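Participant: Need the 3D shape of this:
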Amino acid sequence: YITHLLTTQFEPLIKKSLENLTLKDFKFDHVLLGNIPPRIGGIKCYDKMTARNEIIMDLEVTWAGDCEIQVSIKGIKASILDLYIHGHLRVVLKPLIHNLPLVGGIQVY
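Facilitator: The predicted structure follows:
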């Protein structure tokens, strides 16, 4: 899924942003995210200042992956290995409904 997302969504955006630098031949050659899953450190769930039909959670996410991403720009190959990402992720579950799956939608940002 991620390989498809990178090649269909992000690759055209990166190509367009590199056009001003005359680097038009950007391409993802190989994408492997590895076997290490992301870790969720802390979870904060808000109960004040929220609507009755929503749940808001903040998650602390860390990913120290053993990935292998290979790109090429104008015939020059480059690789990204062992990527480390740390940040906060907000998850909003709304609207809450009375039947399974109990949540009408999920927003993640």
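
Participant: all strands of this protein, in order?
Facilitator: Assigned by DSSP state E, the strands in the chain fall at 26-32, 39-46, 55-64, 68-73, 76-81, 84-93, 106-108.

Participant: Go through stretch 46-66 and flag the buried ones.
Facilitator: Residues of stretch 46-66 classed as buried: 54-56, 59, 63, 65 (neighbour count, 16 or more other CB atoms under 10 Å). For glycine as for every other residue, the C-beta is placed from the backbone atoms N, C-alpha and C.

Participant: could these go into a markdown table alongside distance to N35 and pLDDT?
Facilitator: Listed next are the buried residues of stretch 46-66 as a markdown table, based on distance: CB to CB, whole Å; pLDDT from 0 to 100:
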| residue | distance to N35 | pLDDT |
| --- | --- | --- |
| E54 | 35 | 95 |
| I55 | 31 | 95 |
| I56 | 32 | 97 |
| L59 | 21 | 97 |
| W63 | 12 | 94 |
| G65 | 9 | 89 |
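
Participant: Return the member of those nearest to K48.
Facilitator: Checking these against K48 by CB to CB gives I56 as the nearest, at 10.3 Å.

Participant: show me what contacts that closest one?
Facilitator: Applying CB atoms under 8 Å, 6 or more residues apart in numbering to I56 gives the contacts 45-46, 50, 90-93.

Participant: Also P95?
Facilitator: Contact analysis of P95 by CB under 8 Å, 6+ apart lists 53-54, 103-105.

Participant: Try it again at 6 Å.
Facilitator: With contact taken as CB atoms under 6 Å, 6 or more residues apart in numbering, P95 is in contact with 53, 104.

Participant: can I get the strands of the chain in CSV with distance to Y1?
Facilitator: As requested, the strands of the chain are exported to CSV (distance: least, CB to CB, whole Å):
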stretch, distance to Y1
strand 26-32, 11
strand 39-46, 20
strand 55-64, 16
strand 68-73, 15
strand 76-81, 19
strand 84-93, 17
strand 106-108, 15
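
Participant: Perfect, I'm done here.
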